[in-house]
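K.L.:
Turn this into a model:
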Amino acid sequence: MMTKSKTRKIRWSFIIFFIPVALWLFLLIVLPHFELLRISLTSTST
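P.N.:
Below is the predicted model of the structure:
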């Protein structure tokens, strides 16, 4: 019983830690690509 609650607590703390890191990486990696894609699309249309 004790170990199960401990692993659950570790899992929740890991999720709480991981979500902001994943969001930060998403913003860091994906958003510049969207910006480049938008620039390339607008440059070809004009």
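K.L.:
Neighbours of Ile16, how many?
P.N.:
Ile16 has 9 neighbouring residues, counting by other Cβ atoms under 10 Å. In short, each C-beta sits where N, CA and C put it, glycine included.
K.L.:
tell me the contacts of it?
P.N.:
Under the criterion of Cβ atoms under 8 Å, 6 or more residues apart in numbering, Ile16 has no neighbours.
K.L.:
remind me which residues of the protein are low pLDDT?
P.N.:
1-3, 46 (pLDDT under 70).
K.L.:
all helices of it, in order?
P.N.:
Using DSSP state H, the helices found in the chain span residues 2-45.
K.L.:
quick one: Ser43 from Arg11, how far?
P.N.:
46 Å (Cβ to Cβ, to the nearest Å).
K.L.:
again but with Val30, I slipped
P.N.:
26 Å.
K.L.:
cool, and Pro20?
P.N.:
Distance from Pro20 to Arg11, by Cβ to Cβ: 16 Å.
K.L.:
what's the answer for His33, then?
P.N.:
Look at His33 and Arg11: by Cβ to Cβ, they are 31 Å apart.
K.L.:
And Leu41, by the same measure?
P.N.:
Distance, Leu41 to Arg11, using Cβ to Cβ: 42 Å.
K.L.:
Next: Phe26.
P.N.:
Phe26 is 21 Å from Arg11, by Cβ to Cβ.
K.L.:
Look at Phe26 and say how many residues are nearby.
P.N.:
Around Phe26 there are 10 other residues, counting by other Cβ under 10 Å.
K.L.:
again with Ala22
P.N.:
Ala22 - counted by other Cβ under 10 Å - has 11 other residues nearby.
K.L.:
Leu25 now?
P.N.:
Neighbours of Leu25 using other Cβ under 10 Å come to 10.
K.L.:
same deal with the one 4 residues further on?
P.N.:
Here the count is done by other Cβ under 10 Å, and Ile29 has 9 residues near it.
K.L.:
how close does it get to Leu23?
P.N.:
From Ile29 to Leu23 the distance is 11 Å (Cβ to Cβ).
K.L.:
Same check on Arg8?
P.N.:
As judged by Cβ to Cβ, Arg8 and Leu23 stand 23 Å apart.
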